[in-house]
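Visitor: Just a sequence and a predicted model for now, questions to come.
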Amino acid sequence: MSSLLSLTRRLGPLPAGNGQDNVQDTLTLSYDDRIKGRLRVTLDSGRAAGLFLERGPVLRHGDGLEAEDGSRVRVIAAPEPVVTAWVAPGPDAGLALARLCYHLGNRHVTLGIGEGEYQGDACCYVRFAPDHVLEELAERLGARLEHHQAPFDPEPGAYTMGGHAHGHSHGHSHGHLHGHDNGHEHDHSPGHSHDASHGHDNGHEHDHSPGHSHDASHDSHGSSHGSSHGSSHSHTQGIV
């Protein structure tokens with residue numbers, strides 16, 4: 001019985017099988033599993049393995065993982081239920097695609113953007129997980145919808161592309177559990193922006209001078225900060 005293979009290092013995109021990359025197996029994962037850093041998995045060969053990865057970007061189709069013994073595994077994006085919103089070809093196709101991306105992106109969902117062939121036409125598309133609200137919006141914007149099974153490999157987001165492991169729209173790194181202690185220093189230096197939708201309770205004064213501290217009236221900040229954080233910031237799916 002083979003031992004559990006520990007995959008501990010991200011290698012980024014691997015070149016397509018040229019025989020020189022020491023790839024010994026493949027691992028097919030859904031998008032939801034590719035956002036995780038700790039996961040027990042089964043390689044496509046049937047061998048048991050585990051992901052033990054540091055925080056980082058979402059694993060993408062073609063990325064490599066290295067095990068403790070130096071062997072490498074290539075990640076494959078599994079086909080899964082998706083909706084592909086096709087933009088009709090024509091002189092206004094670029095504008096239509098931009099408008100579609102803008103309105104869908106305002107819903108703070110992960111989107112795949114690409115090009116392919118639909119009903120004999122070369123078209124651009126926006127791909128997302130099935131959602132009737134998004135589907136109705138896309139149709140109102142003139143897209144032609146296709147419900148099918150396909151790999152979902154959405155855009156990683158500007159912050160993860162720049163090496164920022166957590167896709168917030170402000171400059172510092174937050175964890176998802178925001179249990180602020182009394183007297184916790186909360187730096188509002190440039191690059192960090194709070195707005196009124198941030199959900200602070202108790203009507204306390206919120207001093208935005210550099211290096212200010214929160215007092216005991218901030219005890220509900222942890223729960224309200226976490227629950228409203230997703231609506232007021234743009235998140236990319238990060239690693240858990």
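Guide: Looks like it arrived, so ask away.

Visitor: is residue 145 in a bridge, and if so with what?
Guide: Legend: beta-bridge partners of residue 145 under DSSP bridges are residue 85.

Visitor: how close does it sit to residue 86?
Guide: To residue 86, residue 145 is 8 Å away according to CB to CB, to the nearest Å. Any C-beta I mention is one placed from the backbone N, CA and C, and that applies to glycine too.

Visitor: for residue 100, same thing?
Guide: Using CB to CB, residue 100 is found at 10 Å from residue 86.

Visitor: more neighbours, residue 145 and residue 86?
Guide: Just comparing residue 145 and residue 86: by other CB atoms under 10 Å the higher neighbour count belongs to residue 86, 24 against 15.

Visitor: surely the more buried one meets residue 144?
Guide: Yes: applying CB atoms under 8 Å, one finds residue 86 in contact with residue 144, separated by 4.5 Å.

Visitor: Between these two, which contacts overlap?
Guide: residue 118 (CB atoms under 8 Å, 6 or more residues apart in numbering).

Visitor: Model confidence for the spatially closest residue to residue 76 that is not a sequence neighbour, exactly?
Guide: Among residues not flanking residue 76 along the chain, residue 28 sits closest, at 4.3 Å (CB to CB, 6 or more residues apart in numbering). As predicted, residue 28 sits at a pLDDT of 98.

Visitor: now swap in the one 3 residues further on and tell me
Guide: Confidence per residue is given as pLDDT, and for residue 31 that number is 95.

Visitor: what's the spacing between the residue lying closest to it once chain neighbours are set aside and residue 110?
Guide: What sits nearest to residue 31 in space, not counting adjacent residues and going by CB to CB, 6+ apart, is residue 152, at 4.5 Å. Note on residue 152: its distance to residue 110, by CB to CB, is 8 Å.

Visitor: Using PDB, write down the CA coordinates of stretch 97-108.
Guide: Only the C-alpha atoms of stretch 97-108 are listed here, as PDB (Å, rounded to 0.1, in the frame of the first residue of the first chain):
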ATOM      1  CA  LEU A  97     -18.100  42.200 -24.000                       C
ATOM      2  CA  ALA A  98     -16.900  45.100 -21.900                       C
ATOM      3  CA  ARG A  99     -20.400  46.000 -20.900                       C
ATOM      4  CA  LEU A 100     -21.100  42.300 -20.000                       C
ATOM      5  CA  CYS A 101     -18.000  42.000 -17.900                       C
ATOM      6  CA  TYR A 102     -18.700  45.300 -16.100                       C
ATOM      7  CA  HIS A 103     -22.200  44.400 -15.000                       C
ATOM      8  CA  LEU A 104     -21.400  40.800 -14.100                       C
ATOM      9  CA  GLY A 105     -18.300  41.900 -12.300                       C
ATOM     10  CA  ASN A 106     -20.300  44.400 -10.200                       C
ATOM     11  CA  ARG A 107     -22.000  41.300  -8.600                       C
ATOM     12  CA  HIS A 108     -18.600  40.300  -7.200                       C
END
